[in-house]
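**Q** coords please:
(2 chains)
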Amino acid sequence: MQYNFNEIEAKWQKYWAENQTFKAENNSDKEKFYVLDMFPYPSGAGLHVGHPLGYIASDIYARYKRHKGFNVMHPQGYDSFGLPAEQYAIQTGQHPAITTAENIKTYRRQLDQIGFSFDWSREVRTSDPKYYKWTQWIFIQIFNSWYNKDTDKAEDISSLVAVFEKEGNASVNAVCDDEVEAFSAADWNSFSDKRKQEVLLQYRLTYLAETEVNWCPALGTVLANDEIVNGVSERGGHPVVRKKMTQWSMRISAYAQRLLDGLEKIDWPQPLKDSQTNWIGRSQGASVVFPILTFPKGKGTKPGYMTGGNNSHLLLERAKEMRKNPTQAEAVLWESLKGKNLGDKFRRQHVISDFIVDFVCLSKCLVIEVDGAIHDAQKEQDEERTAILNENGFKVIRFKNEEVIGDIDNVLATIQKHLENSVPPMGARGIEVFTTRPDTIFGVSFMTLAPEHDLVLQITTPEQKAEVEAYIEATAKRSERDRMADVKTISGAFTGAYAEHPFSKEPIPIWIGDYVLAGYGTGAVMSVPCGDQRDYDFAKHFNIPIPNIFEGVDISEEAFADKSKTVIANSDFLNGLPYKKAMKLAIYELEKLGQGEGKINYRLRDAVFSRQRYWGEPFPVYYVDGMPQMIAPEHLPIALPEVEKYLPTETGEPPLGNAKEWHWLQYGEEGKVVSEEEFNNSSPLGRLGGALELNTMPGWAGSSQYFNRYMDPTNDNEIFSKEAMNYWQDVDLYIGGSEHATGHLLYSRFWQKFMFDRGFVPKDEFAKKLINQGMITGTSAFVYEAIVSDKNIPNIYISSKVFHQDSEENPKHWEEKEEFFKKYGLVSKDIKYRSIHIDVNLINSQSEVDIEGLKKWREDFLDAKYFFENDGKMLAHHEVEKMSKSKYNVVNPDDICAEYGADSLRLYEMFLGPLEQSKPWNTAGITGTHGFLKKLWRLYFDDNGAKFTDSAPTKDNLKTLHKTIKKVEEDIANFSFNTSVSTFMICVNELSTQKCTSKSVLESLAILVSPYAPHIAEELWSQLGNSESISTAPFPAFDASHLVESSKEYPISFNGKMRFKLELPLDMSKDQIEEAVMSHEKTTQQLQGRTPKKVIVVPGKIVNIVG
RNA sequence: GCUCGAGUGGUGGAAUUGGUAGACACGUUGGACUUAAAAUCCAAUGGACAUUAGUCCGUAUGGGUUCAAGUCCCAUCUCGAGUACCA
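**A** Prediction:
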């Protein structure tokens, strides 16, 4: 009986599909186990042999767990939104949905033929409206949430509104936009509806903001940072520029700390954790404000309290008059504010810009306005006034007359709170910097701003203006790539302005330089040349003093950055302190001055969530009066509209701008998507709706919760039922590539934490264990081609060995070449050669090229001149590269399955090497695992049929079997699948030698092999007389008693070198072993009369004789 | 530059706590079967000398700890991955 793998595999694949063998139930008494693969993007090229690696590993694990009695969920689906289908659509007009559906068909066929135990009843596709309905739903949940720092979690936005209504935003501790202004409950309640929406948008976990984005003109879209490689787009390699656009953003920065902390409780690969840690980029230090001393535009010549604008002389008289005749409320409040009653000096009826404000604390930049009833009517004007004051760096808080008179204590408490919280805002008053070394603050000898910093133009003196502007222009011209490549050139310019040192009160020159990045921290640094190499180089270059503030350290050559050895000197109150203590004290003193505070800075930026693409999830958002509105969840999904063209519109709008019907129209419960005309012609009475959002969601939207949707994928009423979620909880094993470390895997953790906060999921980390499978690289084949430009000369190819031989080794070829080139008037030794790729499928295991195949493959080779080896063969040479179409090194699993079978492929992919490691594919090697399967088959059958009998297993049979059980279980636990394949080979080799025919042993063996080679295992199982699938047969139990040995072949070594072996009983004592070894003739021979100094006996292990 | 990972036969790779280096395969060589090929089976296969035992050298390099080091420690080199003027 032959091992007919094609027939067997087709038979069992059909059986599994028909019987839904691998369908997982949501309610089961068995313990759950959730094995997940990163779902693929179905590309047009189909699968190559490298793709299934991770799926095979997870499938082995899933099948193993079924044998161990678990209820295993092993789902699969498609991440089917994405750029390639869209690009294809742009080129051909083919709808991406059609392309995608075709590609999925190919993928499914390819996956099926490898025999995965996927539960296809749970399949999801991110581009399916039934699926993206829930992506849209989550977006709405995120929109309706804010991050409360006090409870350290996301909460429903209604809880924030409730606080605003009761007490304004003074006590709200939220993650929000930087430039949120303070308002009272009264303010809030008097805000227009639009104003309220604007304010809330500053707090929502997803928000619209004008952001600088990576715009790729060639692709017509925005790219995320992780979609850019070396300054060009990852896909296509097009240039990328910075551009400002209004975009949806996700406030992932709110979760920075929790994303960091969460890494500690999940079993993920260390390199992956490290790269997430890096990406989040936490650094601890302080934010410090340096007041600016000199203001150009005349400001600097005036005393600090002269804050009036150009028309202030006209206002001064009126201000004086108002001081004399205060309102009752003003008088009451002034009594409490004057004379530093609250600790800070206030002025009343003070001129700022073109306004007279009621009260102002100049040192804290806090304006207090007391309004009468009249102000209700002029809300708009007030808002404008506030805006102008804000621009001048002042924070404005307002109280009503009644509040001041009726509840002065509460008013004062509010003012007090603002005074305490207010570090003077960045703006005209000071420069805020972030530093990780506040201990070195006395070493500051200059400050450096990024050339793009907002303040630069405001503070530059007239004398320095030309230089500064020239420098800014020069840096703007340089691409980001140039700036990165050229780190060594030091450049910068002096602004002419000075800042005041917080402690020494000395003036510090303010420079600009492109080594300071606008996008990190505050875009400004306090430069400590003695403690930071970049500052040091800058100071050296521009001859800025380098004060030394370290005890006993020489800084004449380079900066000293070793925190652990730092002892501070020349630093007033910090003298003599080590780094940590100095840092604490410096922060404490800065806080006392109100010029700084301890701060933790993260590199992690909020994630831009808008893409100018067609083939992505539409937002469930329409706009009214410029403000975004969510469509009620019961109307979801908002389906992707049809468009004629997939390119951006002529006016530069995203592709959805081409849609004819893309307005939302809703009356009461009834809502639909209509054309603009229909919307405009509809009755405004009771109407909801407006123009729909033109952007679509990014690729990571659909992949950030798919693992949860698998738990209940066909539920149309909820994203998943509570019961399903409570049963499955989280992913037990997740396998996928490491390229998603800072993309998908970070965003998914963020969404999971959000879902956890809002009570939708029970776990705040979605995957307990994660494994990154390595890449299977291709082995490319090359031949040497002569570089000749003359068109009359045929293409010339030279066999690899011939190419490397010189005249002495192979005079025959040497002459042949010489002669050939002579014909064309060329000299052979002047000819240069290059390697060119040829199709790897034209090469056999001895690197011989199939010349006939080659000639058919490409016209170039048809009428070419070849220089073969002496035996007439053409040899290729090889190199290991990434598998790719353009390198002609792609091996298709279809071919492998047809020729060797899926089981051989599965075994071979595992056998190649450790799962996590990258390793080259070499088709020739598959004969090893294929041969093993044939040998396995022959253990059960020969030409006469079944060999197995009911005979009792021998001792050796059992020893082999149980050795194998033990090793395989250990290997699976360690994901060391390559070694378990060799264990199977050893086992089968041994059982063959033992001529084992015992049915019980062979039955156990079939189960052991089943996770790895499921088709042959099913066939053997059924031939052994079982009627059920092998998939849930209990895994054989290991029995250590079969492995007990009575003797051991001891290696006897002399001075650590093994010389001979000696079989001794294991129950011998140390002394008995020593005696037996010493009396052995070979020992005497080895010692040659010497007396050993020492004999080391490790019972059960080794004997070593020293001397 | 920084962070992490890795260097073992012709090749992919084994070696779980320091205890017989090179398991298991591929490839190569020789042999059996065959008209021949394929398939299958058997044998050899780290290097050098000796070929009957045997001896020496070998896990990137140099040192160290130890009775014993691929494994532990120090230094150096090379390759791979991630990240980058991160204050």
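
**Q** And RNA strand B, is whichever strand or helix holds A:Ala701 touching that?
**A** Element membership for A:Ala701 (DSSP states H and E) is helix A:699-703. No. On the criterion C-beta under 7 Å from any atom of the strand, helix A:699-703 is out of touch with RNA strand B, staying 14.5 Å away. The C-beta positions use only the backbone N, C-alpha and C, and glycine is treated the same way.

**Q** near RNA strand B, which residues of the stretch 701-850 of chain A?
**A** Counting by C-beta under 7 Å from any atom of the strand, the positions of the stretch 701-850 of chain A adjacent to RNA strand B are A:738-739, A:741-742, A:845-846.

**Q** Please identify, among those residues, the one with the most neighbours.
**A** Among these, the one with the most neighbours (other C-beta atoms under 10 Å) is A:Ala741, at 21 neighbours.

**Q** Around RNA strand B, pick out the residues from the stretch 301-450 of chain A.
**A** Going by C-beta under 7 Å from any atom of the strand, the residues of the stretch 301-450 of chain A near RNA strand B are A:434-437, A:450.

**Q** Of these, which pair is most distant in space?
**A** Farthest pair in those (C-beta to C-beta) is A:Arg437 and A:Ala450. Separation: 19.0 Å.

**Q** more neighbours, the two?
**A** A:Ala450 (23 against 20).

**Q** pLDDT score for that one?
**A** Per-residue confidence (pLDDT) for A:Ala450: 90.

**Q** Name the residues of stretch A:189-204 that are buried.
**A** A:190-191, A:195, A:197, A:199-204 (16 or more other C-beta atoms under 10 Å).

**Q** Could you give the average pLDDT over it?
**A** Here the average pLDDT along stretch A:189-204 is 93.

**Q** what does stretch A:919-931 give?
**A** 89.

**Q** swap in stretch A:778-786?
**A** Here the average pLDDT along stretch A:778-786 is 85.

**Q** What are the contacting residues of it?
**A** A:50, A:795-800, A:803, A:831-840, A:842-843, A:847, A:849, A:874, A:876-884, A:887-891, A:920-922 (C-beta atoms under 8 Å, 6 or more residues apart in numbering).

**Q** and the stretch 951-1100 of chain A, which residues reach RNA strand B?
**A** With C-beta under 7 Å from any atom of the strand as the criterion, the stretch 951-1100 of chain A comes near RNA strand B at residues A:967, A:970, A:976, A:978-979, A:981-982, A:985-986, A:989, A:1049, A:1051, A:1053, A:1055-1061, A:1086, A:1094, A:1096, A:1098.

**Q** Drop anything exposed from the residues you listed.
**A** Here, 16+ other C-beta under 10 Å leaves A:967, A:976, A:978, A:981, A:985, A:1053, A:1086 buried among these.

**Q** And the fourth one, what's its pLDDT?
**A** Read that as A:Val981. Value listed for A:Val981 in the pLDDT field: 94.

**Q** ditto for the fifth one
**A** Reading off the per-residue confidence, A:Met985 sits at a pLDDT of 94.

**Q** quick one: secondary structure of it?
**A** At A:Met985 the chain is in helix, as set by DSSP: H, G, I helix; E, B strand; the rest coil.

**Q** Not counting sequence-adjacent ones, nearest residue to it?
**A** Closest residue to A:Met985 apart from its sequence neighbours, by C-beta to C-beta, 6 or more residues apart in numbering: A:Phe932 at 5.2 Å.

**Q** in the strand or helix carrying that neighbour, what's buried?
**A** Assigned by DSSP H and E, A:Phe932 belongs to helix A:926-940. Across helix A:926-940, burial judged by 16+ other C-beta under 10 Å covers A:926, A:929-930, A:932-933, A:936-940.

**Q** could you check whether it is close to RNA strand B?
**A** Yes. Using C-beta under 7 Å from any atom of the strand, we find that helix A:926-940 touches RNA strand B at A:927-929, A:931-932, A:934-935.

**Q** Could I get the contacting residues of the closest residue to RNA strand B within the stretch 801-950 of chain A?
**A** At 2.3 Å from RNA strand B, A:Gly928 is the closest residue in the stretch 801-950 of chain A, using C-beta to the nearest atom of the strand. Going by C-beta under 8 Å, 6+ apart, A:Gly928 touches A:908, A:911.

**Q** how far away is A:Val241 from A:Trp215?
**A** 5 Å (C-beta to C-beta, to the nearest Å).

**Q** Settle it for me: which of those two has more neighbours?
**A** With neighbours defined as other C-beta under 10 Å, A:Val241 and A:Trp215 compare such that A:Trp215 has more, 18 against 12.

**Q** Hmm, that one is touching A:Met245, no?
**A** Yes. Between A:Trp215 and A:Met245 there is a contact at 7.3 Å, judged by C-beta atoms under 8 Å.

**Q** what does the very next helix or strand once past the helix holding A:Ala701 contact?
**A** Next along the chain after helix A:699-703, taking DSSP H and E as the criterion, comes helix A:706-709. Helix A:706-709 is contacted from outside by A:36, A:39, A:77, A:79, A:124, A:126, A:131, A:134, A:719-720, A:725, A:731, A:734, A:748, A:752, A:755, A:761, A:766-767, using C-beta under 8 Å, 6+ apart.

**Q** what do you get for stretch A:51-64?
**A** Counting by C-beta under 8 Å, 6+ apart, A:33, A:35-38, A:40, A:72, A:74, A:76, A:111, A:114-118, A:733, A:735-737, A:771, A:773-774, A:776, A:893, A:905-906, A:909-910, A:915, A:972, A:975, A:977, A:1010-1012, A:1014, A:1031, A:1035 sit against stretch A:51-64.

**Q** For it, list the C-alpha coordinates in CSV.
**A** What follows is stretch A:51-64, C-alpha atoms only, in CSV (Å, rounded to 0.1, in the frame of the first residue of the first chain):
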residue,chain,number,x,y,z
HIS,A,51,3.7,33.2,4.6
PRO,A,52,2.3,30.0,6.2
LEU,A,53,5.2,29.6,8.7
GLY,A,54,3.4,31.3,11.6
TYR,A,55,0.1,29.6,10.7
ILE,A,56,1.7,26.2,10.7
ALA,A,57,3.2,26.9,14.2
SER,A,58,-0.1,28.1,15.6
ASP,A,59,-2.0,25.3,14.0
ILE,A,60,0.3,22.7,15.6
TYR,A,61,-0.3,24.4,18.9
ALA,A,62,-4.1,24.6,18.4
ARG,A,63,-4.3,20.9,17.4
TYR,A,64,-2.1,19.9,20.3
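
**Q** What average pLDDT does it get?
**A** 95.

**Q** And RNA strand B, is it touching that?
**A** No. Judged by C-beta under 7 Å from any atom of the strand, stretch A:51-64 makes no contact with RNA strand B; its nearest approach is 12.4 Å.

**Q** how far is that stretch from where the chain is centred?
**A** Distance of stretch A:51-64 from its chain centroid, counting by C-alpha atoms, centre = their mean, to the nearest Å, is 23 Å.

**Q** can you pull out the strands in the stretch 351-500 of chain A?
**A** Along the stretch 351-500 of chain A, counting by DSSP state E, counting those that start in this stretch, strands occupy A:355-361, A:366-371, A:395-400, A:430-435, A:446-449, A:493-500.

**Q** Let's have the ones you listed in a markdown table, adding mean neighbour count.
**A** Shown next, in a markdown table, are these (neighbours: other C-beta atoms under 10 Å):
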| stretch | mean neighbour count |
| --- | --- |
| strand A:355-361 | 22 |
| strand A:366-371 | 22 |
| strand A:395-400 | 22 |
| strand A:430-435 | 24 |
| strand A:446-449 | 24 |
| strand A:493-500 | 22 |
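
**Q** Helices of the stretch 501-650 of chain A, residue ranges please.
**A** A:533-542, A:579-593 (DSSP state H, counting those that start in this stretch).

**Q** Put together a markdown table for those helices, with distance to A:Ala518 on each row.
**A** Below are the helices of the stretch 501-650 of chain A laid out as a markdown table (distance: least, C-beta to C-beta, whole Å):
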| stretch | distance to A:Ala518 |
| --- | --- |
| helix A:533-542 | 16 |
| helix A:579-593 | 24 |
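
**Q** which one of those lies closest to A:Tyr255?
**A** Closest to A:Tyr255 of the helices of the stretch 501-650 of chain A is helix A:579-593 (C-beta to C-beta; 25.4 Å).

**Q** No further questions, thank you.
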